[in-house]
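>>> model the following, please.
(2 chains)
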Number of protein chains: 2
Amino acid sequence: MAPVLALVGATGAVGTVMIDIINARESVPWGEIRLIASARSAGKKITVRGEELTVVALSPEAFDGVDIAMFDVPDEISAEWAPIAAERGAVAVDNSGAFRMDDDVPLVVPEVNADKVAERPRGIISNPNCTTLSMMAALGALHHEFGLRELVVASYQAVSGAGKEGVDQLYAELSAVAGKEVGVRAGDVRDAITAAGVSIEDSPFPAPLALNVVPSAGSYKGDGWYSEELKVRNESRKILGIPDLKVSATCVRVPVVTTHSLAVHATFEREVTVEEAHKVFAAQPSLVLQDDPANGVFPTPADVVGEEPTYVGRVRQALDFPNTLDFFVCGDNLRKGAALNTYEIAEKLAPEFS
Amino acid sequence: MAPVLALVGATGAVGTVMIDIINARESVPWGEIRLIASARSAGKKITVRGEELTVVALSPEAFDGVDIAMFDVPDEISAEWAPIAAERGAVAVDNSGAFRMDDDVPLVVPEVNADKVAERPRGIISNPNCTTLSMMAALGALHHEFGLRELVVASYQAVSGAGKEGVDQLYAELSAVAGKEVGVRAGDVRDAITAAGVSIEDSPFPAPLALNVVPSAGSYKGDGWYSEELKVRNESRKILGIPDLKVSATCVRVPVVTTHSLAVHATFEREVTVEEAHKVFAAQPSLVLQDDPANGVFPTPADVVGEEPTYVGRVRQALDFPNTLDFFVCGDNLRKGAALNTYEIAEKLAPEFS
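Numbers count the residues shown, from 1 in each chain, chains lettered A, B, ... in the order given. Below you'll find the predicted structure:
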């Protein structure tokens, strides 16, 4: 029998992208697809593969008969409900941060460590943070060939990483500053936003994003670090299986709607030429190489959003650092960075239940 | 007698900021101030220190009697005219890229290497590129105490680095996308900009900047590198006097009007604590330390634009790299990054002519 797939958080931002992804697939391995959301959204109708499905409320019984349950919900909901789904016999594939660093929960990027889906003593598999994910396909492929040792990363993160609220805030701020000559005196962007009746205090971001960049993502964790920066370090180590990988990340929010970009400075066990890196990237189906800087060809987030692959460009050998490449990646944080990778994990699991 | 100061390019973007800077000073050491621009702008009246001055056309005679001539003009104009000014007896302080790597031209950031103004066999002193300058006061102060060895930098560069044309392009693109739900599908930002009649082909940037970031600054120089990235490397080495400084830079344009930001990963000869770094930054009058991440306090470009100091925050010890600090700086690329540093060099020279 074809496996039963559940989607928890079906009406949220990532859940919506997940349904797009399923609908865009030519064929899927699933029998029943069950849409689960909060009681508030229960009863809502959503079309999946041409069939109108009714959203059911989250409850222990909602997982009965489910083989694989994908969770696209906040950390605290996953923390409570993924174990319940597992108890009822489903494999929970969780996109929240609740279990990522749990030693008994594998953290999976199918291109990098698909074999780990089998090692799931808690019946839970985690999907990495979107920022880490944006570079994992590229780094995993390089690591496999050349042995990654060190990573210095700066991010250019989209506002949809903070959910629909983040997107609404950016749109409102942009409307408030458009047509005005602001960004030329300290605080004039804040003034224009406030004058238009848009609140900066209630924003999901600690500073304006219109005509600005904000060096802060996630919550403060002490010693100068924000949570997103520590996730990049700890999750990269776990996914790549390099417990002593050296990582420094600076995470910066930018006024981009969707698609995270990262400037990556990666050091390997041996010299890697640009040609070798190109060859490795070209062999990885989930990567698109856009690298012809002489002709202004490189990825930018506004040209990558909505795409499934991660785009890579600006590949060059560091001039002064041995065995080191600098490059730039763009990945849709709602797709590969969230829904798509979760779905790909579910796809890897499907044969077990067929 | 008080020295005679000339400003070449008085009507340009940086020249205009220069006049703001002079007018904001409580006292200046100058006798006559002479405004020089292209023949097209000659005759224009500009108020400097309450006095209405008439712009004169660029000519060899325009430099007669001038002690210090500040150049805020394109590379090719500086290349031709700075030597002519020097020949006529003026010290040319040049903000273009024409002479920065000339061994006979010092490259000066007064906080770092003010003594170099005396070594000017060609009668020319260069002002660094704005991206390099944004981090030089901070790095110079740290290097003096701890010995800088390595630098990995990612930039978040404002559009005014590409002149008024760059600012106009961003404003036009923002007006074109404001109020629209774009940035959600590949190319929809391009489509909205084009539909509004704004040209992307004629833009000074190789891709849209509204709701986007663009990993390209300057011209292509081969081996994957753009000119701005090589300037950061070569100029940092020259200013700091560390010929073998290891540098890797990724320069990325962001939709910010003015003020460059940089994520800096800097390795020193010995361990540097955050407290030591804070103490060094606090002792440097041209730096403002804004570093209380637990309370969301860090610099952002929209809050720093128009300010003379460079703002520093997010200072932390790299977790896995010995002797390494990560931090974030914001500096107004038209002020400290251009006009202000040029003016400060002129101020250092003033006593010679008084």
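>>> just checking, what packs against the helix ranked longest in chain A?
The residue-count maximum for a helix in chain A (DSSP state H) belongs to helix A:130-146. With contacts defined as 3 or more Cβ pairs under 8 Å, 6 or more residues apart in numbering or on different chains; DSSP states H and E, the packing partners of helix A:130-146 are helix A:110-113, strand A:148-156, helix A:227-240, strand A:260-268, helix A:274-282, strand A:287-289, strand A:310-317, strand A:324-331. Yep, even glycine has a C-beta here, placed from its N, CA and C like the rest.
>>> buried sites along that helix?
By 16 or more other Cβ atoms under 10 Å in any protein chain shown, the buried positions in helix A:130-146 come out as A:130-143, A:146.
>>> and if you look at stretch A:164-174?
Residues A:166-167, A:169-174 are the ones in stretch A:164-174 that count as buried (16+ other Cβ under 10 Å).
>>> tally of neighbours for the closest residue to residue A:233 other than its chain neighbours?
Distances taken as Cβ to Cβ, 6 or more residues apart in numbering or on different chains put residue A:247 closest to residue A:233, at 3.9 Å, once the chain neighbours are dropped. When neighbours are counted by other Cβ atoms under 10 Å in any protein chain shown, residue A:247 registers 23.
>>> swap in residue A:39?
Burial of residue A:39 is recorded as 10 neighbouring residues (other Cβ under 10 Å).
>>> what residues does it make contact with?
Residues counted as contacts of residue A:39 (Cβ atoms under 8 Å, 6 or more residues apart in numbering or on different chains) are A:57-58.
>>> over to residue A:139?
In this structure, residue A:139 makes contact with A:148, A:151, A:236, A:240, A:264, A:266, judged by Cβ under 8 Å, 6+ apart.
>>> pairing partners for the fifth one in the sheet, please.
Assessed by DSSP bridges, residue A:264 has beta-bridge partners residue A:153, residue A:327.
>>> could you measure it against residue A:330, distance?
According to Cβ to Cβ, to the nearest Å, residue A:264 stands 11 Å off from residue A:330.
>>> got the residues of the stretch 1-150 of chain A near chain B?
By the criterion of Cβ under 8 Å from any Cβ of the partner chain, the positions of the stretch 1-150 of chain A lying close to chain B are residue A:150.
>>> what residue in the stretch 1-150 of chain A comes nearest to chain B?
residue A:150 (7.5 Å; Cβ to the nearest Cβ).
>>> so what's the residue nearest to residue A:240 when sequence neighbours are not counted up against?
Sequence neighbours aside, residue A:143 is the residue nearest to residue A:240 in space, at 5.4 Å (criterion: Cβ to Cβ, 6+ apart). Residue A:143 makes contact with A:112, A:240, A:242, A:268 under the criterion Cβ under 8 Å, 6+ apart.
>>> and the residue nearest to residue A:233, which of the three is it?
Secondary structure, DSSP: H, G, I helix; E, B strand; the rest coil: residue A:247 is strand.
>>> what residues are up against it?
With contact taken as Cβ under 8 Å, 6+ apart, residue A:247 is in contact with A:150-153, A:232-233, A:236-237, B:319-320.
>>> any of those residues buried? List them.
Of all these considered here, the ones buried according to neighbour count by 16+ other Cβ under 10 Å are A:150-153, A:232-233, A:236-237, B:319.
>>> for residue A:88, which non-adjacent residue is closest in space?
The shortest distance from residue A:88 to any residue that is not its chain neighbour, by Cβ to Cβ, 6+ apart, is 4.0 Å, and that residue is residue A:63.
>>> ok, the one you found - how many residues close by?
For residue A:63, the tally of surrounding residues (other Cβ under 10 Å) stands at 24.
>>> what's the answer for the one 4 residues further on, then?
Other residues within reach of residue A:67 by the criterion other Cβ under 10 Å amount to 23.
>>> now do the same contact list for it.
Contact criterion Cβ under 8 Å, 6+ apart gives A:3-5, A:89-91, A:349, A:352-353 as the residues in contact with residue A:67.
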